[in-house]
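> got a structure for you, letters missing:
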């Protein structure tokens, strides 16, 4: 099987390319720019394009499949050549379905927590030596790649993203998977460049629920009113499985689940993660995993990369790094750290980096999202706004939108210098971004801060 990737450097794309190479496929690809860690990982598997840029001469009738990444444009010369030759062109979610169409598919979606829930299910299955295919949006301990495909598996676990599939396929990715078991964690408006109204965004989850296979199961967070509404419209053949926040306690900065008379200490914390665990448990139940085996396995779950990841700590302070960028994620993550360490001062730092977060009309969604922090810093880059061709916003507008004790910066050097100048005793630092604060090495910074 000969497969060519247009825009092979993307996070999901390069992992799928590696997975297919490991499966024995003949894989090639191209891109106009490839950054780390994709570059080194592609090079390790001899998949790094010899030159940067689009190479239409690589597209020929000997190719069995073209996989088109979101980074490419509709006028991409390789895409135009593939269309001219009538080759099979897939988005990566389409191709994941093609690879697993004869397997039992589990898809985990929602505006927040889907990466963590997917990671939890994968962790439990692996610890119980259950074989499965997978696709997840973060690096997880024990898994070399973020995509795994095999010939001897009967189950596939996919993180279900609601963003677009490819430049020529404007359907959300999770509409392609047609799961037998699905989990929805919650709905909070995101991707406003694609879904300009909240109703349009919510409707994508309704379409997803309608796409479930016959006699499928839908696990959903019943405390979310939008998911409750979707649950009332499910087909009669779909098994309806609601969940809510489980009982827990926090003692000496450690969170434990309470299940009847048993207490299970955890390595993760935060009410949102407890909800994620409960959703993951019900998914595992649908796969035949008992509660006893689930709780034994989940106790060793450390989290996934950049999801409340500990990057530095000493006896009195911890630095966390989190992917949080939307209002609901900011609120949940900030509250989680403050609740876990209520005797420590919390300094929370976030970067407005996504298209949605940098739009003036969306800023109001961030009101009080960092209220749990004792001090809160918000950074954004005017250059990023210019690059995304958005209308400029002011520091005053950002401060007013967030409210509370927020300080706003447009110079990341100044903000990080001010953080360095603080006394870091009995304080925690929470750094949140889907970017990198204009080129900052966050992990090194955190380690130096507490050295």
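Now that the structure is in, tell me what you want to look at. Keep in mind the model is a prediction, meaning the values are calculated, not measured.
> After the longest helix along the chain, which helix or strand is next?
Longest helix in the chain by number of residues, with DSSP state H as the criterion: helix 271-286. With elements assigned by DSSP states H and E, the helix or strand that comes after helix 271-286 is helix 291-298.
> which helices and strands does that next one pack with?
helix 114-127, strand 254-259, strand 262-265, helix 271-286 (3 or more Cβ pairs under 8 Å, 6 or more residues apart in numbering; DSSP states H and E). For every residue, glycine as well, the C-beta is placed using N, CA and C.
> May I see the buried residues of that helix?
Neighbour counts over helix 291-298 (16 or more other Cβ atoms under 10 Å) mark 294-295, 297-298 as buried.
> which one of those residues is nearest residue 266?
Distances from residue 266 to those, taken as Cβ to Cβ, are shortest for residue 298 (7.3 Å).
> I'd like the helices and strands packed on helix 291-298 as TSV, with mean neighbour count and mean pLDDT appended.
What follows is the helices and strands packed on helix 291-298, written out as TSV (neighbours: other Cβ atoms under 10 Å; pLDDT from 0 to 100):
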stretch	mean neighbour count	mean pLDDT
helix 114-127	25	97
strand 254-259	16	92
strand 262-265	13	91
helix 271-286	23	97
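> Nearest to residue 95, out of those?
helix 114-127 (18.3 Å).
> Now do the closest one against helix 271-286, angle only.
Per axes from the mean of the first three to the mean of the last three Cα atoms, to 10 degrees, the angle that helix 114-127 makes with helix 271-286 is 50 degrees.
> Other residues contacting helix 114-127?
Contact with helix 114-127 is made by 106, 108, 110, 132, 134, 136-138, 140, 142-143, 155, 157-161, 183, 185, 273, 276-277, 279-280, 283-284, 287, 289, 293-294, 297-298, 300-301, 303-304, 307, 323, as judged by Cβ atoms under 8 Å, 6 or more residues apart in numbering.
> before we move on, back to that, counting contacts, what elements does the longest helix of the chain pack onto?
Against helix 271-286 (3+ Cβ pairs under 8 Å, 6+ apart) you get strand 104-109, helix 114-127, strand 181-184, strand 217-221, strand 239-243, strand 254-259, helix 291-298, helix 327-340.
> Domains in this protein, by residue range?
Domain assignment of the chain by automatic domain parsing yields the ranges 2-87, 95-298, 309-449.
> So which residues of the stretch 51-200 of the chain form strands?
For the stretch 51-200 of the chain, the strands defined by DSSP state E, counting those that start in this stretch occupy 65-68, 89-91, 104-109, 133-135, 147-148, 155-160, 164-166, 169-172, 181-184.
> and the longest strand for the protein?
strand 345-352 (DSSP state E).
> elements contacting that one?
helix 327-340, strand 375-380, helix 412-420, strand 427-432.
> Switch those over to CSV; also include mean pLDDT.
CSV is the format used below for the helices and strands packed on strand 345-352 (pLDDT from 0 to 100):
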stretch, mean pLDDT
helix 327-340, 93
strand 375-380, 97
helix 412-420, 97
strand 427-432, 97
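> out of those, nearest to residue 227?
helix 327-340 (13.3 Å).
> Closest to residue 23 out of the buried residues of helix 291-298?
residue 297 (26.9 Å).
> contacting residues for the closest one?
Contacts of residue 297 (Cβ under 8 Å, 6+ apart): 123-124, 127-128.
> Could you do residue 427 as well?
316-317, 344-347.
> re earlier: columns distance to residue 203 on top of the helices and strands packed on helix 291-298, output as TSV?
Formatted as TSV, the helices and strands packed on helix 291-298 follow (distance: least, Cβ to Cβ, whole Å):
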stretch	distance to residue 203
helix 114-127	18
strand 254-259	34
strand 262-265	38
helix 271-286	22
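> For residue 387, which of the ones you listed is the nearest?
Using Cβ to Cβ, the nearest of these to residue 387 is helix 114-127, at 25.8 Å.
> and that closest one, how far out from the chain's middle?
Chain-centre distance of helix 114-127: 13 Å, with Cα atoms, centre = their mean, to the nearest Å.
> Report the angle between that helix and strand 155-160.
160 degrees.
> Pull out the buried residues from stretch 71-89.
71-72, 76-79, 81-82, 87, 89.
> so how far is residue 439 from the nearest residue to residue 351 once chain neighbours are set aside?
Of all residues not flanking residue 351 in the chain, residue 433 sits nearest, at 3.7 Å (Cβ to Cβ, 6 or more residues apart in numbering). From residue 433 across to residue 439, the span is 12 Å (Cβ to Cβ, to the nearest Å).
> who's more crowded, the two?
residue 433 (22 against 9; other Cβ atoms under 10 Å).
> hang on, the earlier thing: wait, which of the helices and strands packed on helix 291-298 is closest to residue 214?
Using Cβ to Cβ, the nearest of the helices and strands packed on helix 291-298 to residue 214 is helix 271-286, at 15.2 Å.
> That closest one vs strand 104-109, what angle?
Using the same axes, to 10 degrees, helix 271-286 lies at 170 degrees relative to strand 104-109.
> Okay, angle between helix 271-286 and helix 291-298 too, please.
Using the same axes, to 10 degrees: helix 271-286 against helix 291-298 is 130 degrees.
> Give me the angle between helix 271-286 and strand 239-243.
Using the same axes, to 10 degrees: helix 271-286 against strand 239-243 is 150 degrees.
> can you list contacts of helix 271-286?
106, 108, 112-113, 116-117, 120-121, 124-125, 181, 183, 185, 217, 219, 221, 223, 241, 243-246, 248, 255, 257, 266, 268, 291, 294-295, 298, 303, 308, 332-333, 335-336, 339.
> give me the low-pLDDT residue ranges for the stretch 1-150 of the chain?
For the stretch 1-150 of the chain, no stretch has pLDDT under 70.
> Helices of that one, start to end?
Using DSSP state H, counting those that start in this stretch, the helices assigned to the stretch 1-150 of the chain run over residues 11-22, 38-44, 77-85, 92-100, 114-127.
> buried residues in the shortest one?
Of all the residues in helix 38-44, those buried under the rule 16+ other Cβ under 10 Å are 38-39, 41-42.
> is it possible to export those to a markdown table including distance to residue 169?
Listed next are the buried residues of helix 38-44 as a markdown table, based on distance: Cβ to Cβ, whole Å:
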| residue | distance to residue 169 |
| --- | --- |
| 38 | 22 |
| 39 | 26 |
| 41 | 25 |
| 42 | 24 |
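> which pair in these spans the largest distance?
39 and 41 (7.4 Å).
> picking that back up, residues contacting the residue nearest to residue 351?
Residue 433 neighbours (Cβ under 8 Å, 6+ apart): 323-325, 350-351, 353, 442.
> run the last query once more with 10 Å
306, 321-325, 349-354, 357, 379, 440, 442 (Cβ atoms under 10 Å, 6 or more residues apart in numbering).
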